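1. sequence-free structure coming up:
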């Protein structure tokens with residue numbers, strides 16, 4: 001796990017431990033769900049079979065967004 005930096009505020013050690021426990025539990029649950037899906041054969045077997053890669057990415061507003069919205073991605 002990469003280091004955690006507190007950018008704002010002064011959390012107590014208990015608050016920081018609580019946040020880290022929640023983040024770690026969510027990461028473990030996501031990893032377990034992905035492993036269960038892999039074992040059950042759910043989802044694409046490889047990135048080549050993943051049809052979502054064929055979808056066009058979202059256009060985000062910004063400088064010259066109207067001009068670049070028609071460009072192929």
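-> Sure, I can see it. Remember, predicted model here, so these are calculated numbers, not experimental data.
2. from now on I want contacts and neighbour counts done on CA atoms only, so please keep to that.
-> OK.
3. start to end distance for stretch 53-64?
-> Stretch 53-64 has an end-to-end distance of 25 Å (Cα to Cα, to the nearest Å).
4. for it, what is the average pLDDT?
-> The average pLDDT for stretch 53-64 rounds to 75.
5. can you give me the helices for this structure?
-> 13-40, 65-68 (DSSP state H).
6. for residue 47, which of these is the nearest?
-> Using Cα to Cα as the criterion, the shortest distance between residue 47 and the helices of the chain is 13.4 Å, found for helix 13-40.
7. so what's the residue count around residue 20?
-> Counted with other Cα atoms under 10 Å, the neighbours of residue 20 add up to 13.
8. and if you look at residue 16?
-> Residue 16: 13 surrounding residues under other Cα under 10 Å.
9. repeat that for residue 35.
-> 13.
10. measure it to residue 41 for me?
-> From residue 35 to residue 41 the distance is 10 Å (Cα to Cα).
11. rank the helices of the chain by pLDDT, which is bottom?
-> helix 65-68 (a mean of 74).
12. distance between that helix and the chain's centre?
-> 27 Å (Cα atoms, centre = their mean, to the nearest Å).
13. could you measure from residue 53 over to residue 41?
-> 19 Å.
14. same thing with residue 24?
-> Using Cα to Cα, one gets 26 Å for the distance from residue 24 to residue 41.
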